[in-house]
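**Q** The sequence isn't on hand, but the structure is:
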């Protein structure tokens, strides 16, 4: 058969076809995510109606009719006034430092600055001198911060912890609680899986006992029962009692989170470490814990966020954290009394808590993406 018998040459052009629908851009995104089906369209319209109803009043309260930082109390007392930001600006020192002596507030400022300088590089994976930085933050910084805040040495005026308050107390309790509860939780989780009956029983008893009672009970016990175990005549600072109670409470929950990560590791990983001649602690440090902790990053950060919010409960032992400082000022600042003063104070506290908790959440998602090697699907 000749080639010409099976060959074909088109004599006319193929009719032009319509251009394909756009797969990118705002219109394509809206069609795919908001108006893909009739139900989606109805829900989208209802959502737009809800936003139309709720956004204008919120905008007017927070911005439109709000009294700025340079406003006066008379403006806050106007009938159509919104948030009284002038009240927040006027009482900002109390919200941050509590009753800390005003001439000595440079000391907490130094503590804040040092903490930021040492902590931020730890969050950056490629920052140099990580080991030195971690030692300075975990060992040197707490000692320096305590002597700076408490005073009584090197000519510094002594400031009792009863005067500490506001955001200062919230950050100290949360940072100390997070720093100490994490290694304690790991030790408790390893102890619960130990083959030694005494260690395993003690760890299980501690974890189950702490998890069976609310944090308020733990704080009451730390405030009332802890001094009973001290020598006669010895007093325990109530701020230290709150730190101990919060740390022990969080460590029990952290232990269960870490234990979940340990159980997710295949048995072959343990056997592989043993086949290499590694001891128990070497296997845990180099092989098991890095994988286990990577699996449970969301649970760990969730505990950190809960701890940060639970610092508001230390008011029951007499400490004025940020929320209690706002409440105290709302009740005592008679010169700023208006219809929206108290609401503005609580909204300010809520925004501060949201900023810190949201930042922790976003950073945990970043670490999940960075460490999610070998498990992507």
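**A** Happy to help now that I have it. In this text the structure is predicted, and so the values were computed from the model without any measurement. Numbering: from 1, shown residues only.

**Q** all strands of the stretch 251-377 of the chain, in order?
**A** Secondary structure of the stretch 251-377 of the chain by DSSP state E, counting those that start in this stretch: the strands cover 320-321.

**Q** the helices in it, which residues?
**A** Remark: helices assigned in the stretch 251-377 of the chain by DSSP state H, counting those that start in this stretch are 267-275, 280-283, 289-295, 297-310, 322-332, 341-371.

**Q** so residue 14 sits in a helix?
**A** No: checked against DSSP: H, G, I helix; E, B strand; the rest coil, residue 14 lies outside a helix; its state is coil.

**Q** burial measure for it, as a count.
**A** As a burial measure, residue 14 scores 6 neighbours (other C-beta atoms under 10 Å). For the C-beta atoms, the positions are set from N, CA and C on the backbone; glycine is no exception.

**Q** what does the model give it for pLDDT?
**A** Residue 14 is assigned 79 on the pLDDT scale.

**Q** Make CSV out of the helices of the stretch 251-377 of the chain and add mean pLDDT and distance to residue 117.
**A** Below are the helices of the stretch 251-377 of the chain laid out as CSV (pLDDT from 0 to 100; distance: least, C-beta to C-beta, whole Å):
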stretch, mean pLDDT, distance to residue 117
helix 267-275, 88, 38
helix 280-283, 89, 33
helix 289-295, 90, 26
helix 297-310, 92, 21
helix 322-332, 91, 23
helix 341-371, 93, 17
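
**Q** Quick one, which of those helices gets closest to residue 43.
**A** Nearest to residue 43, of all those, is helix 341-371, at 25.9 Å by C-beta to C-beta.

**Q** hang on, the earlier thing: mean neighbour count and distance to residue 173 added to the helices of the stretch 251-377 of the chain, as a markdown table?
**A** As requested, those are arranged in a markdown table below (neighbours: other C-beta atoms under 10 Å; distance: least, C-beta to C-beta, whole Å):
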| stretch | mean neighbour count | distance to residue 173 |
| --- | --- | --- |
| helix 267-275 | 12 | 36 |
| helix 280-283 | 14 | 31 |
| helix 289-295 | 18 | 24 |
| helix 297-310 | 19 | 8 |
| helix 322-332 | 20 | 10 |
| helix 341-371 | 15 | 13 |
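
**Q** Residue 20 is nearest to which of these?
**A** Of the helices of the stretch 251-377 of the chain, nearest to residue 20 by C-beta to C-beta is helix 341-371, at 32.3 Å.

**Q** for the closest one, packing partners?
**A** helix 85-90, helix 297-310, helix 322-332 (3 or more C-beta pairs under 8 Å, 6 or more residues apart in numbering; DSSP states H and E).

**Q** Contacts for the longest one, please.
**A** Think helix 297-310. Residues outside helix 297-310 that contact it (C-beta atoms under 8 Å, 6 or more residues apart in numbering) are 170, 174, 177-178, 181-182, 215, 246, 249-250, 253-254, 257-258, 260-261, 293, 353, 356-357, 360-361, 363-364, 367-368, 371.

**Q** For the helix or strand hosting residue 249, enumerate the helices and strands it packs against.
**A** In the assignment (DSSP states H and E), residue 249 maps to helix 238-263. Packing contacts for helix 238-263, counted by 3+ C-beta pairs under 8 Å, 6+ apart, involve helix 167-192, helix 197-211, helix 215-224, helix 289-295, helix 297-310.

**Q** Can you say which of those helices is packed in most?
**A** Comparing the helices and strands packed on helix 238-263 by mean neighbour count (mean count of other C-beta atoms under 10 Å), helix 167-192 ranks first with a mean of 21.

**Q** so what secondary structure elements neighbour that one?
**A** Secondary structure elements in contact with helix 167-192, counted by 3+ C-beta pairs under 8 Å, 6+ apart, are helix 92-97, helix 106-123, helix 141-150, helix 197-211, helix 238-263, helix 297-310, strand 320-321, helix 322-332.

**Q** For residue 45, which of those is the nearest?
**A** helix 297-310 (34.3 Å).

**Q** one step back: name the residues of the helix holding residue 249 that are buried.
**A** 238-239, 241-259, 261-262 (16 or more other C-beta atoms under 10 Å).

**Q** for the record, mean pLDDT for it?
**A** For helix 238-263, the mean pLDDT works out to 91.

**Q** quick one, it and helix 141-150 angle?
**A** Relative orientation of helix 238-263 versus helix 141-150 (axes from the mean of the first three to the mean of the last three C-alpha atoms, to 10 degrees): 160 degrees.
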